[in-house]
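In: Let's see this in three dimensions:
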Amino acid sequence: MDFRPLNDRVLVKRLDEGEQKRGGIIIPDSAKEKPQQAEVMAVGNGKLLESGERAPLEVKAGDRILFGKYSGAEIKLSGQEYLMLKEDEILGVLE
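Out: Numbers count the residues shown, from 1 in each chain. Model (predicted):
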């Protein structure tokens, strides 16, 4: 992919949780909640500090992360859906 986020932004792709069943009933896609886990696809250079230096990001491409339910902005690149987050919106890295 030829895309690099700016500053402390992170481009992620949501991870599918698979088909959900509750009590033997299959939940349709329109009623499912969107997953809150994602894989980091690309990261920016880091947050610009007042001193003029850049603080490096704690996540890197390939990390699996957990983010807040209403975080980020949905975007489409090359027909794929992605989510653009600020590093502050990431709750943690799954190991």
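
In: going forward, measure contacts between C-alpha atoms and count neighbours the same way
Out: Will do.

In: list the buried ones in stretch 75-86?
Out: Y82, L83, M84, L85, K86 (16 or more other C-alpha atoms under 10 Å).

In: what about the residue nearest to V12 when sequence neighbours are not counted, which helix or strand?
Out: Counting by C-alpha to C-alpha, 6 or more residues apart in numbering, V40 is the residue found nearest to V12 once chain neighbours are left out, at 4.4 Å. Assigned by DSSP states H and E, V40 belongs to strand 37-43.

In: so who does K69 touch?
Out: Applying C-alpha atoms under 8 Å, 6 or more residues apart in numbering to K69 gives the contacts Q36.

In: so how far is R14 from it?
Out: 12 Å (C-alpha to C-alpha, to the nearest Å).

In: any shared contact partners between these two?
Out: With C-alpha under 8 Å, 6+ apart as the test, K69 and R14 both reach Q36.

In: List the neighbouring strands of the next helix or strand after the strand holding V40 plus their orientation.
Out: The helix or strand immediately downstream of strand 37-43 is strand 47-48, counting by DSSP H and E. Partner strands and pairing direction for strand 47-48 (DSSP bridges) are strand 54-55 (antiparallel).

In: quick one on the thing from earlier: count the residues that sit near the residue nearest to V12.
Out: By other C-alpha atoms under 10 Å, 22 other residues sit near V40.

In: That one contacts K60, correct?
Out: Yes - contact criterion C-alpha atoms under 8 Å: V40 and K60 qualify, at 6.7 Å.

In: who touches both of those two?
Out: By C-alpha under 8 Å, 6+ apart, no residue touches both V40 and K60.

In: Any stretches of the protein with poor pLDDT?
Out: 1, 17-35 (pLDDT under 70).

In: Strands of that one, start to end?
Out: For the chain, the strands defined by DSSP state E occupy 9-14, 21-22, 25-26, 37-43, 47-48, 54-55, 64-67, 73-77, 80-86, 90-94.
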